[in-house]
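Participant: Got a predicted model here, sequence first, then my questions.
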Amino acid sequence: MYVILSPVGSYFKATDQQVGISLLADPRYTRAWPGGCGNAKLGSNYGPTIQVQQEAIEKGLQQVLWLYGENKELTEIGTMNIFIVYINNNGGKKQNF
């Protein structure tokens, strides 16, 4: 699987070279789940993310890639949007936004 992200604005330090964003992807942490924290857009959903974002920074990483469930599905990535294209075993594509 490939995950392609595009940071925007001045969220990250500018460099002379184009480099990727480093991510903490730890299945111990879940940002949102059906019926739980993050299920609706509320200010209180962001408080629980601060500790995990701090852990990412302490490890020299820039953002958190949030996972959910038994299959560690991608749900969101910190301050970025996500676009995923799945290619099934028959070569067919299914796009998710």
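Facilitator: Yep, it's here.
Participant: make it CA atoms for all contacts and neighbour counts henceforth
Facilitator: Will do.
Participant: Nearest residue to residue 74 in space, please, no chain neighbours.
Facilitator: Once flanking residues are discounted, residue 74 sits nearest to residue 67: 4.7 Å by Cα to Cα, 6 or more residues apart in numbering.
Participant: tally of neighbours for the one you found?
Facilitator: Residue 67 is flanked by 22 other residues according to other Cα atoms under 10 Å.
Participant: ditto for residue 56
Facilitator: 20.
Participant: ditto for residue 70
Facilitator: Count around residue 70 with other Cα under 10 Å applied: 7.
Participant: For it, pull up the helix or strand it's in.
Facilitator: Using DSSP states H and E, residue 70 maps to neither a helix nor a strand.
Participant: my read: the residue nearest to residue 74 touches residue 24, true?
Facilitator: No - Residue 67 lies out of contact with residue 24 (Cα atoms under 8 Å); the separation is 10.2 Å.
Participant: so which strand or helix has the residue nearest to residue 74?
Facilitator: strand 63-68.
Participant: Only C-alpha atoms, please: export that strand in CSV.
Facilitator: Extracted in CSV, the C-alpha atoms of strand 63-68 (Å, rounded to 0.1, in the frame of the first residue of the first chain):
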residue,chain,number,x,y,z
GLN,A,63,2.3,14.1,12.5
VAL,A,64,0.2,11.1,13.6
LEU,A,65,-1.3,8.7,11.1
TRP,A,66,-4.4,7.5,13.0
LEU,A,67,-5.4,3.9,12.7
TYR,A,68,-8.6,2.1,13.6
